[in-house]
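Participant: Using only what follows, build the 3D model:
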Amino acid sequence: MRAKQKITNFLLWSQRYTQTDMIYLAKGGFWLILGKISTSLITLATMFAFAKWVPKETFGKYQYIISVIAILTIFTLPGMSNSLIRSIARGKEGMLALCAKTKMKWSSIGIAISLIISSWYFVQGNSSLGICFLIASFLFPFPSIFNLFSCFWQGKKRFDVQNKYLILINILEALIFIPVLFLTNNLVLIMFAYFFSRAIFRGIFFKVTTQKIKNQERDNETLPFGKHLTIMQSVNIFANQIDKIIIWQFLGPIPVAIYSFAQLSVREVQGIIPFSALFLPKLSQKNFKEIKKELFKKFFKLFSISIPLYLLFFVLAPIGYKIVFSNYMEAIPYAKVLAISIILLPFSLLSASLTAAMKTRELYKIQFISPAIKILLFLILIPLCGIWGIIISFLTAQIIQSILTLYFFKKAI
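Facilitator: So this is what the prediction gives:
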């Protein structure tokens with residue numbers, strides 16, 4: 001108890017200099033970072049299994065299918081997640097079930113498109129991809145829908161419960177998925193294991209979460225705002241996945257695999273410090289005008305985390321790839337340059353504040369302009385420069401998005 005009190009006193013003392021609720025940050029940040037580290041370790045183990053046991057061509061096909069399906073998840077209304085977090089933070093727990101029903105209804109469009117893609121591959125004589133998309137048609141909406149349980153606990157600022165559930169889910173999924181990668185290179189079996197494990201375990205914890213609901217209060221803002229956020233995010237989701245599809249068409253499955261391993265390591269490092277996830281519930285309970293100046297000060301302080309994190313990645317990436325992904329050493333130069341985006345992580349705090357304040361017009365502009373530029377650059381540079389064309393396009397779009405976020409944050413009232 002004495003040690004705990006000393007830590008509490010230190011955190012209270014530090015608040016004079018950070019102008020931040022350090023008790024909240026320590027509790028929430030601990031569980032979020034623990035959850036992220038655990039997830040990253042399991043992801044690392046899964047990718048090690050892919051690198052060790054699965055041919056590059058098969059992994060490239062796997063990534064291609066995942067990218068197509070990720071675009072189709074737009075019809076599961078992914079923007080509903082942040083909208084639900086905001087709603088739960090305000091005590092409207094009845095919105096969990098309503099958001100899930102709405103996501104299920106809209107996902108039927110994505111299911112229909114996936115069935116059309118499956119039929120096209122069967123007609124083309126590619127039964128392997130045809131079966132994979134057929135499996136995806138029936139299973140892909142459920143992980144997105146059931147993942148709302150995580151938003152519920154995040155909205156209640158119960159990061160401990162949220163991350164205990166997520167860690168357990170990731171472990172259970174890995175216990176199914178990794179043995180499949182060891183036992184077979186069959187793409188159909190790999191895709192079935194992926195979609196089935198993600199659907200079944202998230203479904204279990206969604207059910208557990210619904211039993212914890214204490215009220216059925218609803219509001220009239222969450223669903224419309226969730227749809228707005230989805231429209232905003234849709235261009236970005238498309239832009240984040242179309243790169244692998246374009247590489248597939250112009251260069252084939254092996255370059256898809258190489259680029260995916262470069263992108264994976266950067267994405268995992270970016271998620272270690274979950275700025276947006278930690279601050280969104282807290283910001284949703286405050287008035288934007290009152291906290292704007294305070295947030296801007298914190299924004300600059302966060303660079304003291306993101307810049308060292310990038311430098312650490314730059315130095316350690318070659319060692320990490322040699323130990324874990326020795327079959328993908330050619331991905332290192334791409335990963336090093338792509339990792340420059342880690343420096344831009346503090347801008348996610350400003351973006352979270354605009355979401356919490358429901359600055360719909362500003363968010364629309366940010367979420368459309370940057371991804372549109374990225375897609376345009378992809379179409380121009382990938383055929384000319386291959387994987388380097390993607391890297392240049394991605395970084396250019398990220399910088400533009402960061403500038404836009406800063407501009408609209410300062411302009412917003």
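Participant: now what about stretch 125-132, what contacts it?
Facilitator: Here stretch 125-132 makes contact (Cβ atoms under 8 Å, 6 or more residues apart in numbering) with 61, 65, 118, 119, 120, 121, 122, 187, 188, 191. Where you see a C-beta, it was placed from the backbone N, CA and C, and this is true even at glycine.
Participant: Which of those residues sits closest to residue 399?
Facilitator: residue 65 (30.4 Å; Cβ to Cβ).
Participant: ok, how many other residues are close to that closest one?
Facilitator: If you count neighbours by other Cβ atoms under 10 Å, residue 65 ends up with 24.
Participant: Helix or strand: which one has it?
Facilitator: Applying DSSP states H and E as the criterion places residue 65 in helix 56-72.
Participant: repeat for residue 202
Facilitator: Per DSSP H and E: helix 187-210 holds residue 202.
Participant: and whatever helix or strand comes next after that helix, which residues are buried?
Facilitator: Downstream of helix 187-210, the first helix or strand assigned by DSSP H and E is helix 222-250. Residues of helix 222-250 classed as buried by neighbour count (16 or more other Cβ atoms under 10 Å): 222-223, 225-248.
Participant: circling back: please identify the buried residues of the helix holding residue 65?
Facilitator: 56, 58-72.
Participant: mean confidence score for the next helix-or-strand element following that helix?
Facilitator: Per DSSP H and E, the first helix or strand lying C-terminal to helix 56-72 is helix 80-89. Averaging pLDDT along helix 80-89 gives 90.
Participant: Let me know the angle separating helix 80-89 from helix 222-250.
Facilitator: Interaxial angle, helix 80-89 versus helix 222-250 (axes from the mean of the first three to the mean of the last three Cα atoms, to 10 degrees): 150 degrees.
Participant: Surely residue 113 is in contact with residue 72?
Facilitator: Yes. Here residue 113 reaches residue 72: they are 5.8 Å apart, a contact under Cβ atoms under 8 Å.
Participant: re the thing from before, just give me the closest of the buried residues of helix 56-72 to residue 264.
Facilitator: The nearest member of these to residue 264, counting by Cβ to Cβ, is residue 63 at 9.7 Å.
Participant: Next, count neighbours for the closest residue in space to the closest one that isn't next to it in sequence.
Facilitator: The shortest distance from residue 63 to any non-neighbouring residue, by Cβ to Cβ, 6 or more residues apart in numbering, is to residue 260 (4.6 Å). Other residues lying near residue 260 total 24 when counted by other Cβ under 10 Å.
Participant: One more: residue 292?
Facilitator: Residues near residue 292, counting by other Cβ under 10 Å: 16.
Participant: Just the pLDDT for it.
Facilitator: Looking at residue 292, its pLDDT reads 73.
Participant: And residue 277, by the same measure?
Facilitator: Looking at residue 277, its pLDDT reads 55.
Participant: Repeat that for residue 396.
Facilitator: pLDDT recorded at residue 396 is 94.
Participant: same deal with residue 13?
Facilitator: 43.
Participant: now swap in residue 360 and tell me
Facilitator: Reported pLDDT for residue 360: 78.
Participant: Leaving out chain neighbours, which residue sits closest to it?
Facilitator: residue 228 (5.4 Å).
Participant: again, but for residue 372
Facilitator: Nearest non-adjacent residue to residue 372, counting by Cβ to Cβ, 6+ apart: residue 235, 6.2 Å away.
Participant: was I right about that neighbour contacting residue 371?
Facilitator: Yes. Residue 235 is within contact range of residue 371, at 4.1 Å (criterion: Cβ under 8 Å).
Participant: ok, back up a step: want to throw the contacts of stretch 125-132 into CSV with distance to residue 171 and pLDDT?
Facilitator: Shown next, in CSV, are those (distance: Cβ to Cβ, whole Å; pLDDT from 0 to 100):
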residue, distance to residue 171, pLDDT
61, 26, 94
65, 24, 96
118, 31, 97
119, 36, 97
120, 37, 97
121, 33, 96
122, 36, 96
187, 25, 96
188, 25, 97
191, 21, 96
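Participant: Dump those residues into TSV; add distance to residue 210 as well.
Facilitator: TSV is the format used below for these (distance: Cβ to Cβ, whole Å):
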residue	distance to residue 210
61	36
65	31
118	32
119	35
120	38
121	37
122	38
187	35
188	33
191	29
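Participant: Can you tell me which of those residues is nearest residue 213?
Facilitator: Nearest to residue 213 among those is residue 191, at 33.7 Å by Cβ to Cβ.
Participant: For residue 70, give me its contacts.
Facilitator: Residues in contact with residue 70 (Cβ under 8 Å, 6+ apart) are 237, 240, 241.
Participant: For it, give its distance to residue 189.
Facilitator: 21 Å (Cβ to Cβ, to the nearest Å).
Participant: again with residue 62
Facilitator: Separation of residue 62 from residue 189 (Cβ to Cβ): 11 Å.
Participant: which of the residues in stretch 209-216 are buried?
Facilitator: Neighbour-count burial for stretch 209-216 flags residue 209 (criterion: 16+ other Cβ under 10 Å).
Participant: about what we covered before: what separates the helix holding residue 65 from the chain centre, distance-wise?
Facilitator: Relative to the mean C-alpha coordinate of its chain, helix 56-72 is positioned 16 Å out (Cα atoms, centre = their mean, to the nearest Å).
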